[in-house]
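[1] Predicted coordinates and the sequence they were generated for:
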Amino acid sequence: MQEKFYISTAIAYVNSRPHIGFALELAQADAIARWQRLNGKDVFFLTGTDEHGAKITRAAEKAGKSPQDFAGENAAVFKKLVEDLNVSSDDFIRTSDEKRHFPGAVKLWKKLEESGDIYKKNYSGLYCVGHEAFVTQKDLVDGKCADHDAEPETIEEENYFFRLSKYGQAVKKAVESGELKIFPESRKNETVSFINEGLEDISVSRPSKDISWGIPVPGDSTQTMYVWFEALANYITALGFGSSNQDNFEKFWPADIHVIGKDILRFHSIIWPAMLLSAGLPLPKSVFVHGFIHSGGRKMSKTVGNVIDPVDFVDRHGCDPLRYYLLRDIPTFEDGDFTEERFVEAYNSDLANGLGNYISRISKMIEQYFGGVLERPSDNELSAVPIKKHSSFFAPNGEGAKLELVSPPYFIDQVVWPIYRSAFADYKLKQVLDAVWALLGELDAYVQTYEPFKLIKTDTEKTRAVLWNLSYGALSIAWMLKPFMPDTAEKILDTFGVKSDSKEEWLKVGVKLDDPLFARKENVD
RNA sequence: GCCAGCGUAGUUCAACGGUUAGAACGAGGGACUCAUAAGCCUUAGACAGAGGUUCGACUCCUCUCGCUGGCACCA
């Protein structure tokens, strides 16, 4: 039976337009999803929007709109980003969807309640009218709110709480044992040490008089579920949990991987697993945690004027170049820096001068010397043109000798692909692409070794073998790029007249010259 | 303040305690010409600082400086 693979991004909070960080998350999740499909898995890839809560209510008021309209308009922009980025998601869930999301969230709540893990408690705190929020002792100076110079009132509020404390040890065990894997390791350590500090029960509702834009607590309409509580439920409500048709839930849950940002680590590594344990549901298998994107060393902000709008960026520079930059130039798990200058540098050197130029030069030679058609030479002919030198990327610690005098196809299949696969298994996406570009460098050097543009004057058969090997390299790169730059991969396959869905061995290429894959960008505008 | 982690060439990243600390981009130089004046070869350039442990430390310990994430009601 076909193995299933369920992958999600976090749902994006729609209080404003999409941040480039969400584009990063989409690109990462999409690369993984596409890779798993190529591996033959039955993939379900979910993304969506988180639309409830006080922040959105406030932002909507400011815009003079109802929360519904406001959230709806922003959600549409996020959807557009998903499309523009060519993200291969299978579904898009919105937490304001009363038909799809509410029933499952309610059902989850009830399950926790049945387990005796939801209880009512008075929360007493210092309420500052100026803040319109609770403040803590730390915020006070001489008993007064430092910001508003007013004494806070003591307010008692009745909330529902979830017995998170009960599940600390169970979650810790799952994380430590690898039942719930956390990538990268440092985030796993962070989770464990956080649990070790001791978990307290957490509030899961607010009075609906304060927050009405949300999902009412079942059986108590005076309370609204805390937005994060029901937001987490999206991972199962989207699969039909709590609806009349739970087929997808039965089939795909538990999630194989949740892709998230580091700001919501604890919700996914501790609280969500605890909720699932309470509900008697299986835990997700892994959580993938990326960092934040800054620009020019600073947090992106309108005031600084360094905000990069992903929708606009794709518009100006194209989808694949942005995907490439996000996945190769931004560290996969750490914070990264994104500037347009740096983007253009990477674009010119890696895409235009690197990949695009390579495809141009070899397809042009095949066109000129062989009328565009190459048939696979014999093994003897191919072994007569081995790789003679190689970069240290593939031969660390002076193990290079082993790789010399092997044929490029052998090198690609026996050396490059295993590196590619093993990096992918750890979700080290940047490293995967590093391997692809190291191969590209290898192929450019191979051109230099045999100089087919000179060789053609003296030895047609040998030139054919060289160009065949170079084509094999180009096609291999196309396959390797499929998860990362799907359009580009197709274009390359197309240039060589190879069908994209065919997994048969290539026996012939028919080159069709086309425009360069990536035009150089001379100026930063 | 407390806890955890980080600080390697101009920039982004590598380096089981052990031969001259590796790449890439950018910068300088060279030979070529199939190609998007791209590609190839080559040069310069770094271990935050100070101590210590060790035959030997980027790698372990201490301190200083700098940065990041947490310290729960914030989604």
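    Cool, got the structure. Numbering: from 1, shown residues only, chains lettered A, B, ... in the order given.

[2] how about the helices in the stretch 351-500 of chain A?
    Under the criterion DSSP state H, counting those that start in this stretch, the stretch 351-500 of chain A carries helices at the ranges A:357-370, A:379-383, A:408-411, A:417-425, A:429-450, A:452-455, A:460-481, A:486-495.

[3] Give me whichever of the ones you listed is most buried.
    Taking mean count of other C-beta atoms under 10 Å as the contact definition, the stretch among those with the greatest mean neighbour count is helix A:460-481, which reaches a mean of 22. Where you see a C-beta, it was placed from the backbone N, CA and C, and this is true even at glycine.

[4] so what does that helix touch, helix or strand wise?
    Packed against helix A:460-481, as judged by 3 or more C-beta pairs under 8 Å, 6 or more residues apart in numbering; DSSP states H and E, are the following elements: helix A:357-370, strand A:373-375, helix A:379-383, helix A:408-411, helix A:429-450, helix A:452-455, helix A:486-495, strand A:508-510.

[5] relative to helix A:486-495, how tilted is it?
    Computed with axes from the mean of the first three to the mean of the last three C-alpha atoms, to 10 degrees, the direction of helix A:460-481 lies at 160 degrees from that of helix A:486-495.

[6] List every C-alpha atom in whichever strand or helix holds A:K79, with coordinates, as CSV.
    A:K79 belongs to helix A:67-84 when elements are defined using DSSP states H and E. What follows is helix A:67-84, C-alpha atoms only, in CSV (Å, rounded to 0.1, in the frame of the first residue of the first chain):
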residue,chain,number,x,y,z
PRO,A,67,-13.5,41.0,11.7
GLN,A,68,-15.1,38.7,9.1
ASP,A,69,-14.5,41.0,6.2
PHE,A,70,-11.1,42.0,7.4
ALA,A,71,-9.9,38.5,7.9
GLY,A,72,-11.4,37.4,4.7
GLU,A,73,-9.6,40.0,2.7
ASN,A,74,-6.3,39.2,4.2
ALA,A,75,-6.8,35.5,3.9
ALA,A,76,-7.2,36.1,0.1
VAL,A,77,-3.8,37.6,0.0
PHE,A,78,-2.3,34.6,1.7
LYS,A,79,-4.0,32.4,-0.7
LYS,A,80,-2.6,34.4,-3.5
LEU,A,81,0.9,34.0,-2.1
VAL,A,82,0.4,30.2,-1.9
GLU,A,83,-0.5,30.2,-5.6
ASP,A,84,2.2,32.7,-6.7
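
[7] What's the mean pLDDT across the helix or strand that it is followed by?
    Once helix A:67-84 ends, the next helix or strand along the chain (criterion: DSSP H and E) is strand A:91-94. The pLDDT scores in strand A:91-94 average 94.

[8] what about strand A:91-94, near RNA strand B?
    No. Taking C-beta under 7 Å from any atom of the strand as the criterion, strand A:91-94 and RNA strand B are apart, separated by no less than 14.0 Å.

[9] I figured A:D337 hits A:G291, correct?
    No. Applying C-beta atoms under 8 Å as the test, A:D337 and A:G291 come out as separate, 10.6 Å apart.

[10] out of these two, which sits in the more crowded spot?
    Applying other C-beta atoms under 10 Å to A:D337 and A:G291 shows that A:G291 carries more neighbours, namely 18 against 14.

[11] Please name the residues that touch that one.
    Taking C-beta atoms under 8 Å, 6 or more residues apart in numbering, we find A:G291 in contact with A:261-262, A:331, A:333-336.

[12] If we use 10 Å, what do you get?
    By C-beta atoms under 10 Å, 6 or more residues apart in numbering, the contact set of A:G291 is A:21, A:24, A:184, A:261-263, A:330-336.

[13] Among those, which are located in helices?
    Using DSSP state H, the members of those that fall within helices are A:21, A:24.

[14] near RNA strand B too, which of the contacts of A:G291?
    Near RNA strand B, taking C-beta under 7 Å from any atom of the strand as the test, the members of the contacts of A:G291 found are A:262-263, A:331, A:334-336.

[15] list the buried ones in stretch A:341-359?
    Neighbour counts using 16 or more other C-beta atoms under 10 Å place A:342-344, A:346-348, A:350-352, A:354-359 of stretch A:341-359 among the buried residues.

[16] and stretch A:455-470, anywhere near RNA strand B?
    No. Contact between stretch A:455-470 and RNA strand B is absent, the nearest approach being 8.4 Å (criterion: C-beta under 7 Å from any atom of the strand).

[17] tell me the mean pLDDT for that stretch?
    Mean per-residue pLDDT for stretch A:455-470: 94.

[18] So which of the contacts of A:G291 are in strands?
    When these are checked against strands using DSSP state E, the ones located there are A:261, A:336.

[19] which ones are touching A:I362?
    Applying C-beta under 10 Å, 6+ apart as the definition, the contact partners of A:I362 turn out to be A:443-444, A:447, A:452, A:466-467, A:469-471, A:473-474, A:495-496, A:511.

[20] Need those residues in a markdown table (columns: distance to A:L232).
    What follows is the contacts of A:I362, written out as a markdown table (distance: C-beta to C-beta, whole Å):
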| residue | distance to A:L232 |
| --- | --- |
| A:L443 | 46 |
| A:D444 | 48 |
| A:V447 | 52 |
| A:P452 | 57 |
| A:V466 | 56 |
| A:L467 | 54 |
| A:N469 | 51 |
| A:L470 | 50 |
| A:S471 | 49 |
| A:G473 | 45 |
| A:A474 | 44 |
| A:T495 | 45 |
| A:F496 | 46 |
| A:V511 | 51 |
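
[21] If we only consider the residues you listed, which is nearest to RNA strand B?
    Nearest to RNA strand B among the contacts of A:I362, counting by C-beta to the nearest atom of the strand, is A:D444 at 3.6 Å.

[22] Skipping its backbone neighbours, what lies nearest the closest one in space?
    Spatial nearest neighbour of A:D444, chain neighbours left out: A:Y358 (6.1 Å); criterion: C-beta to C-beta, 6 or more residues apart in numbering.

[23] Distance from stretch A:174-187 to the middle of the chain?
    For stretch A:174-187, the distance between its averaged C-alpha position and the chain's averaged C-alpha position is 18 Å (C-alpha atoms, centre = their mean, to the nearest Å).

[24] follow-up on the earlier one: overlap in contacts of A:D337 and A:G291?
    Shared contacts of A:D337 and A:G291, defined by C-beta under 10 Å, 6+ apart, comprise A:330-331.

[25] OK, contacts around the residue in the stretch 251-400 of chain A that RNA strand B sits nearest to?
    As assessed by C-beta to the nearest atom of the strand, RNA strand B sits closest to A:G356 within the stretch 251-400 of chain A, at 1.6 Å. Taking C-beta under 10 Å, 6+ apart as the criterion, A:G356 is in contact with A:347-348, A:350, A:488, A:491-492, A:515-520.
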